[in-house]
Every structure is written in C-alpha cells, then in structure tokens.
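K.L.:
need a 3D model of the following:
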Amino acid sequence: MYQPRVYRHWIKDDDLVSFDVVVKETDLSIRAVSKLEAEAVEAIVKHRTPLEEYIKSHPPFLHSLEPCSVDDDAPAIVRDMAQAARVAGVGPMAAVAGAIAEAVGKDLLAYSPEVIVENGGDIFMKISKPRLIGVYAGESPLTGKIALEINHEETPLGVCTSSGTVGHSLSLGAADAVIALSRSTALADAAATAIGNRVGTADDIDVAVEQAQAIDGLAGVIIIKDDKMGMWGNVKLVPL
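P.N.:
Here you go, the predicted model:
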C-alpha cells in the first residue's frame, strides 16, 4: 500500500533541481544540477530489468529472510544485494531500495556532479558541499528536531532508514527509526533492517548499537525509539 512520503516536503535549499520519477514500484525523489527525468527512467529500467528477470528464475531471492548465495554471473545489482544481505545477516530484498538508489545515482553522475537519490527513505548521495538530512522518526518527539550533517568528502555515501512504525517495508522490530550510513547504499539499507529487527523497546538500543559495530563496512548508525536515541560511528547530528 502506498503511503505519502511527507518528508519529501522538507527540502529547504534551492541550489539543486528536484524531480520525482516512478517506474513500477520504484518511486525516486532525485536532486541534481538539472532535471534528468529521461536519464533517470533509463537508469531505473536498466537496473530493474535484470533484477526482475533474476527473481523470476530464482524465486527464493524475493522471499528469503536470510542471505542467499548467487552465482558469479548474476546481474551486478543482484550480487550487490546478496553481498549486503550476507554481511548484515538478512534477506537480499532488504537491500533492494538502497541498491537501486545507488545504481541510479551513479549513472546520473555522468550528467551531474552532485546527485541525491531518495528511495523510500533510503538515500544515495554524492555532494560538493555540506548538506543536512532531516531525521523522520514517525511519532517520536525527535522527528523534525534533528538532522544529519554530511560533508562532501564523506560521499558517495548511503544513508538508509528502517522503521517498525512507519511505512510498509518489513521490519521485525518496533524502532521509530534506524539510520545506517555506509559507502555501500545496499549495505546501509540491509544493515538498517537488521539493526531495526533487534529493537522492540528503548531498552534494546544499547544492544542494537553493539550489533551495528559488528557489521563490517558500516560507518555509523542512529537508533530512535520514542524519546530515546543511541548512536555510534561517524555521525554528526545538528538541531533543526
């Protein structure tokens, strides 16, 4: 079921052009130096098509809640998702939104030196100056009060969010938001899901932070449940 992505209305700066592109279930909000709708659609189709074809011939890849092995000749996006899932310990579809955001974003870098691609709360970004990403955590009182500050030298970077209280994506936990950062957007997506699965109450935040520290390739994490928050790694929060 589609849920309005109200956080897309938070964009404040006007130095980049914003546009949305939808292809089947893929609904991207993109920011670049110019409107690149046709190029974005082409990139989405380029990466979705081999993924769809792979799923048709390998149904467990779509439904598994555990890592799946794939052949070396599998499509690149399939291999990226499988690798991220293996490291995070979740099913490969936990990485799909991040993997598509990154694949499309990297293609658009051929046309724009600065690209931000958001796919259902999962973000790939390559920026040339510091940017703020507002934190949306559903009914938590921290929603809209804090933001992540990302500097250009940290990018390209994936910033992905999983929630057990917001949106339709599968989460086995009840965190209001788990935000994971990694150079691999697919890994950030998978890790956010894995960590979020561990959070039932605010008392679980410390254990979930320890889990995040054990995920190879993760740069940082923020975990929010109600009015409580834990974080680790290369994370800079600023008030909004």
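K.L.:
CA only for contacts and neighbour counts going forward, please
P.N.:
Fine.
K.L.:
go through whichever helix or strand residue 132 is part of and flag the buried ones.
P.N.:
Using DSSP states H and E, the element containing residue 132 is strand 131-134. Within strand 131-134, the residues scored as buried using 16 or more other CA atoms under 10 Å are 132-134.
K.L.:
out of those residues, which is nearest to residue 75?
P.N.:
Checking those against residue 75 by CA to CA gives residue 133 as the nearest, at 31.2 Å.
K.L.:
take the strand holding residue 132, keep the C-alpha atoms, and write them as PDB.
P.N.:
This file holds the C-alpha atoms of strand 131-134, laid out as PDB (Å, rounded to 0.1, in the frame of the first residue of the first chain):
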ATOM      1  CA  ARG A 131      24.100  19.000   3.400                       C
ATOM      2  CA  LEU A 132      21.600  18.300   6.100                       C
ATOM      3  CA  ILE A 133      19.300  15.300   6.100                       C
ATOM      4  CA  GLY A 134      16.300  15.800   8.400                       C
END
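K.L.:
show me what that strand is in contact with.
P.N.:
Contacts with strand 131-134, where a contact means CA atoms under 8 Å, 6 or more residues apart in numbering, come from 10, 144-151, 240.
K.L.:
looking at those, which one is closest to residue 161?
P.N.:
Residue 161 has its nearest neighbour among those in residue 148, at 12.2 Å by CA to CA.
K.L.:
and that closest one, what helix or strand is that in?
P.N.:
Per DSSP H and E: strand 146-150 holds residue 148.
K.L.:
with residue 215 instead?
P.N.:
Under the criterion of DSSP H and E, residue 215 resides outside all helices and strands.
K.L.:
remind me which residues of the chain are low pLDDT?
P.N.:
1-13, 165-172 (pLDDT under 70).
K.L.:
which one's the longest helix in it?
P.N.:
Identified as the longest helix of the chain according to DSSP state H is helix 37-57.
K.L.:
is residue 161 in a helix, a strand, or coil?
P.N.:
strand (DSSP: H, G, I helix; E, B strand; the rest coil).
K.L.:
repeat for residue 30
P.N.:
Using three-state DSSP, the structure places residue 30 in strand.
K.L.:
swap in residue 79?
P.N.:
Residue 79 ends up helix, using three-state DSSP.
K.L.:
give the contact list for it.
P.N.:
70, 72 are the contacts of residue 79 under CA under 8 Å, 6+ apart.
K.L.:
from residue 99, how far off is it?
P.N.:
Counting by CA to CA, to the nearest Å, the gap from residue 79 to residue 99 is 10 Å.
K.L.:
residue 112 is in contact with residue 30, isn't it?
P.N.:
No: assessed by CA atoms under 8 Å, residue 112 is found out of contact with residue 30, at 11.4 Å.
K.L.:
the two: which has the busier surroundings?
P.N.:
Between residue 112 and residue 30, counting by other CA atoms under 10 Å, residue 30 is the more crowded of the two (27 against 17).
K.L.:
not counting sequence-adjacent ones, nearest residue to the more buried one?
P.N.:
residue 117 (4.6 Å; CA to CA, 6 or more residues apart in numbering).
K.L.:
my guess is the one you found contacts residue 29. True?
P.N.:
Yes: here residue 117 reaches residue 29: they are 5.9 Å apart, a contact under CA under 8 Å.
K.L.:
what bridges to residue 178?
P.N.:
Beta bridges link residue 178 to residue 162, residue 223, judged by DSSP bridges.
K.L.:
quick one: it and residue 87, what's the gap?
P.N.:
17 Å.
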